[in-house]
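Trainee: Here's a sequence, model it:
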Amino acid sequence: MQRTQRGFTLMEVLITIVIVGILSAVAVPAYTEHITRSRTAEAFSALGASQAAAEQFWSNNRTYVGFDAASSFPAATPNFTYALSNASASSFTVTATGRAKMAGFTYTIDQNGTRATTGTPSWGTNAACWVDKKGGQCSS
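Mentor: Presented below is the predicted three-dimensional model:
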């Protein structure tokens with residue numbers, strides 16, 4: 001009479017656990033970075049739109065002062081808040097400041113369209129572009 005094996009051996013279970021652990025060690029950080037990068041796109045989109053809206057506001061009012069009260073100024077989201085600074089008749093700066101899981105990320109745009117990254121946790125900063133990848137790489 002032959003005995004049939006039921007279940008898995010200890011070695012098979014351990015090998016499966018090791019494989020799942022290795023895949024998780026690679027996949028989870030990659031996924032987390034991907035999610036963070038997708039959240040930065042939210043700020044880039046809002047800042048880009050705010051520059052065009054600021055120009056429209058200026059053409060109607062001949063000043064950027066008060067632009068933050070306009071309906072076209074970007075509203076706060078779960079990931080970023082937006083603030084107007086250095087507003088005058090000829091200049092402005094809109095800053096996107098990260099909050100919650102995006103805390104520490106800070107991006108700006110001014111009246112000339114100059115994009116700057118003034119803060120990112122471990123991604124780097126750049127006075128001429130928006131850093132959107134680790135290593136200080138910028139979006140195009």
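
Trainee: so how far is the helix or strand of the chain with the lowest mean pLDDT off the chain centroid?
Mentor: Across the helices and strands of the chain, mean pLDDT, DSSP states H and E gives its lowest value to strand 137-138, namely a mean of 80. Taking the mean C-alpha point of strand 137-138 and that of its whole chain, the gap between them comes to 12 Å (CA atoms, centre = their mean, to the nearest Å).

Trainee: For the protein, just list every one of the strands.
Mentor: With DSSP state E applied, the chain shows strands at 80-85, 93-98, 106-110, 115-119, 131-133, 137-138, listed in chain order.

Trainee: residues in contact with the last one?
Mentor: The contact list for strand 137-138 (CB atoms under 8 Å, 6 or more residues apart in numbering) reads 117, 126, 128, 129, 130, 131, 132. Every C-beta, even on glycine, is put in place using the N, C-alpha and C of the backbone.

Trainee: Let me see the contact set for the third one.
Mentor: Contact analysis of residue 128 by CB under 8 Å, 6+ apart lists 114, 115, 116, 138.

Trainee: just residue 123 next, same as before
Mentor: Listed by CB under 8 Å, 6+ apart, the contact set of residue 123 reads 117, 131, 133, 134, 135, 136.

Trainee: Give me the pLDDT value at it.
Mentor: Looking at residue 123, its pLDDT is 87.

Trainee: ditto for residue 1
Mentor: Per-residue confidence at residue 1 stands at 64 (pLDDT).

Trainee: What of residue 99?
Mentor: 95.

Trainee: Please tell me how far stretch 24-33 is from the chain's geometric centre.
Mentor: With CA atoms, centre = their mean as the basis, stretch 24-33 stands 17 Å off its chain's centre.
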